[in-house]
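In: Have a look; sequence and predicted model below, questions after that.
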Amino acid sequence: MASEHDTRQYERRQFRQELPVPMFSRNDFSIWSVLKNCIGKELSKITMPVIFNEPLSFLQRMVEYMEYAHLLRRAAEETDPICRLQYVAAFAVSALSSNWERLGKPFNPLLGETYELERDGYRVVCEQVSHHPPISAFHADCKDFIFHGSIHPKLKFWGKSVEIQPKGQVTVELPRWGEAYTWTYINCCVHNIIVGKLWMEQYGTMEVTNHATGHRAVLTFKPAGWFSKDLHRVEGFITDKHKKKLHFLYGKWTEFIRCTDIASYDEYVRENAHKFRHEGDKGKGHTPNDSPSHTPKKVLAKLNSLKVGPFKSNSQCEGSNSADEGCPIPDVAEGELPKCDSTYSIDIPNSVTLWEADPRPERSAEYYQFTLFAMSLNEMEQGMKSRLCPTDCRLRPDIRKLEEGDIDGAAAEKTRLEEKQRDARKARKGKKGLDWAPRWFTLGTNPYTKQEDWLYSGGYWDRNFSGILDIF
Ligand SMILES: CC(C)CCC[C@@H](C)[C@H]1CC[C@H]2[C@@H]3CC=C4C[C@@H](O)CC[C@]4(C)[C@H]3CC[C@]12C
């Protein structure tokens, strides 16, 4: 199939490859000194110094999901529902790849803030639909697919780590096939808040369901594990509606995802049982040979629970009030950055590569570890300013100032905007008929999952922006 050619048929504009100035070093600043009094709190309620921000709004960060949108177009081209699911699942994994090494905090969107992007034949519109709790909604469409969802990122600070549990769901619709796919977000955790180098991992189980056929891709994102053998690894199965396994998917969310048929997978496991373990190996008599004899009992118990099955996402965190108990990843020594064991690479015969991450731009480290796609998201393109909705993040002065390297200016603007938001809320309070409501989305029910969801009410692209509130 010709998906590469397909993307090429769309107008290829040249976007900026770098930000205006390199970022300020954060080496002289300690996150711990800011957060030490906030253990157990929701991070959305904590004001952090701008130095820990990246010059993007969370709405823009959310749109980074679209970096590999060509996979959805590719899915729509496939005539076999299993192939379509493979590409939708690959898209779901690819959407997380830009998070690798991205440890700056995006700006909290102001209530009513919006973001739009038109690229490669698709367009997307986002809106901050709620402030407390913070909820962001997005809706992307083109002739081949519709992709929409909402995120409420719950950030919990646990002392040594910050745990992020994004609530909400995403839906992909392929109109040509009358199909809808949905899945939910997995958790992520930022380590080494007190000492050492920050690092992030994403873990948990993601179920991509095709509601029309009952096919499912159940993907497990693994915690780093002992000696970081499983750092960034993802694997899982495609099953039919009777839960029969059809294909095996494996890879790393930072690099690639591959797919093989179940027969090749079974054979591979039989021949490589000593080095390749997965949830299905449970009880096959294999003992981990990498648990040092001096490992404390408590840690070993935890290790075993991680080794034998898909990681149970947040159960360890719930109801725990110990600061040390947050993210359940005890295996990497405190303060250390896990190194991936590169000799442990798997390549199963008869595999097809569904997705491969593009390398980061050369000077990415000087620019908040942005991908090329991220570099362009806050760009004010020619002729854009007059057409944009007045609530678009590109017009936010604090983000623009940070992008230009003016930390103090950014901090002052951020404070001003947050005060303005507070004043506006106070002014609305108690005044009948002045209740704030999102402009482009309404709270409804997702027709496929029957869950509460924010659905696009349409009209944004008519570009009639009269009566839009001034939030900046
Ligand atoms: C104290 C400092 C280090 C906090 C920094 C927090 C940063 C790294 C956090 C804040 C909000 C977080 C995001 C919240 C929600 C999502 C959606 C999910 O599908 C992928 C991860 C992603 C995109 C998170 C990535 C990490 C993130 C950007």
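Out: Thanks, I have the structure now.
In: helix/strand/coil for the residue in the stretch 151-300 of the chain that the ligand sits nearest to?
Out: When scored by CB to the nearest ligand atom, the stretch 151-300 of the chain has Pro153 as its residue closest to the ligand, at 3.6 Å. Where C-beta positions appear, they are placed from N, C-alpha and C, glycine not excepted. What DSSP: H, G, I helix; E, B strand; the rest coil gives for Pro153 is strand.
In: Excluding chain neighbours, give the residue nearest to it in space.
Out: Closest residue to Pro153 in three dimensions, ignoring its sequence neighbours and counting by CB to CB, 6 or more residues apart in numbering: Pro166, at 4.8 Å.
In: so that neighbour makes contact with His152?
Out: Yes - checked against CB atoms under 8 Å, the pair Pro166 and His152 is within contact range at 6.9 Å.
In: Flag every residue of the stretch 101-250 of the chain that's near the ligand.
Out: 103, 105-106, 151, 153, 155, 162, 164, 166, 185, 188, 190, 198 (CB under 6 Å from any ligand atom).
In: Let's see that with 5 Å instead.
Out: Listed as neighbours of the ligand in the stretch 101-250 of the chain under the rule CB under 5 Å from any ligand atom: Lys105, Pro153, Ile164, Pro166, Tyr185, Cys188, Val190.
In: quick one, what contacts the second one?
Out: When the contact criterion is CB atoms under 8 Å, 6 or more residues apart in numbering, the partners of Pro153 are Ser44, Phe58, Pro134, Ile164, Gln165, Pro166, Lys167.
In: Can you add secondary structure and give those residues back as JSON lines?
Out: Output for these, formatted as JSON lines (three-state DSSP):
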{"residue": "Ser44", "secondary structure": "helix"}
{"residue": "Phe58", "secondary structure": "helix"}
{"residue": "Pro134", "secondary structure": "coil"}
{"residue": "Ile164", "secondary structure": "strand"}
{"residue": "Gln165", "secondary structure": "strand"}
{"residue": "Pro166", "secondary structure": "strand"}
{"residue": "Lys167", "secondary structure": "strand"}
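In: From Ala217, how far off is His247?
Out: His247 sits 8 Å away from Ala217, going by CB to CB, to the nearest Å.
In: Could you do Ala410 as well?
Out: From Ala410 across to Ala217, the span is 41 Å (CB to CB).
In: So between those two, which is more surrounded?
Out: More crowded of Ala410 and Ala217, by other CB atoms under 10 Å: Ala217, with 27 against 24.
In: in this protein, which ranges drop under the pLDDT threshold?
Out: Across the chain, the ranges flagged by pLDDT under 70 are 1-12, 275-334, 339-345.
In: Scan it for its longest helix.
Out: helix 407-428 (DSSP state H).
In: How about residues contacting that one?
Out: 24, 49-51, 53, 107, 110-111, 131, 396-399, 401-402, 434-436, 469, 471-472.
In: which of those are buried?
Out: For the contacts of helix 407-428, a burial check counting by 16 or more other CB atoms under 10 Å picks out 50-51, 53, 107, 110-111, 131, 396-399, 401-402, 471-472.
In: Of these, which belong to helices?
Out: Pro397, Asp398, Ile399, Lys401, Leu402.
In: got the contact list for the closest residue to Gly458 other than its chain neighbours?
Out: The shortest distance from Gly458 to any residue other than its chain neighbours is 7.9 Å, reached at Trp440 (CB to CB, 6+ apart). Trp440 sits next to Thr114, Val125, Glu127, Ala137, His139, Tyr456, Ser457, Gly458, Gly459, Tyr460 when contact means CB under 8 Å, 6+ apart.
In: Go again with 10 Å.
Out: Trp440 makes contact with 112, 114, 116, 125-127, 129, 137, 139, 389, 391, 454, 456-460, according to CB atoms under 10 Å, 6 or more residues apart in numbering.
In: Give the phi and psi angles for it, as a check.
Out: Geometry field for Trp440 lists phi and psi as phi -120, psi -10, criterion degrees, to the nearest 10.
In: before we move on, back to that, who touches both of Pro166 and His152?
Out: Ser136, Tyr185.
In: I'd like the distance between the residue in the stretch 1-150 of the chain that the ligand sits nearest to and Val190.
Out: For the stretch 1-150 of the chain, the residue closest to the ligand is Lys105, as judged by CB to the nearest ligand atom, at 4.1 Å. Lys105 sits 10 Å away from Val190, going by CB to CB.
In: Now for the two: what residues contact both?
Out: In contact with both Lys105 and Val190: Ile31, Leu155, Val162, using CB under 10 Å, 6+ apart.
In: And the strands in the stretch 151-300 of the chain?
Out: With strands called from DSSP state E, counting those that start in this stretch, the stretch 151-300 of the chain shows them at 162-174, 179-184, 187-191, 199-210, 216-221, 233-239, 245-252, 256-261.
In: tell me how far the shortest one is from the chain's mean position?
Out: Averaged C-alpha coordinates place strand 187-191 at 11 Å from its chain's average position (CA atoms, centre = their mean, to the nearest Å).
In: Find me whatever residue is spatially closest to Thr353, sequence neighbours aside.
Out: Counting by CB to CB, 6+ apart, the residue nearest Thr353 is Arg258, at 5.1 Å.
In: just Pro22 next, same as before
Out: Nearest one to Pro22, counting by CB to CB, 6+ apart, is Glu366 at 3.9 Å.
In: neighbours around the one you found, how many?
Out: Glu366: 15 neighbours (other CB under 10 Å).
In: OK, contacts around it?
Out: By CB under 10 Å, 6+ apart, the neighbours of Glu366 are Glu18, Leu19, Val21, Pro22, Met23, Ser25.
In: Which one (most neighbours) among those residues?
Out: Leu19 (23 neighbours).
In: Return the distance of that one relative to Arg394.
Out: From Leu19 to Arg394 the distance is 13 Å (CB to CB).
In: swap in Thr415?
Out: Using CB to CB, Thr415 is found at 20 Å from Arg394.
In: Settle it for me: which of those two has more neighbours?
Out: Higher neighbour count among Thr415 and Arg394: Arg394, with 21 against 13, using other CB under 10 Å.
In: re the thing from before, gap between the residue nearest to Pro22 and Glu18?
Out: Using CB to CB, we find Glu366 at a distance of 8 Å from Glu18.
In: How about Arg84?
Out: Taken as CB to CB, the spacing of Arg84 relative to Glu18 amounts to 37 Å.
In: re earlier: got any residues that touch both of Leu19 and Arg394?
Out: Residues touching both Leu19 and Arg394 (CB under 10 Å, 6+ apart) are Asn378, Glu379.
In: show me what contacts Leu155?
Out: By CB under 10 Å, 6+ apart, the neighbours of Leu155 are 41-46, 105, 134, 162-166, 188, 190.
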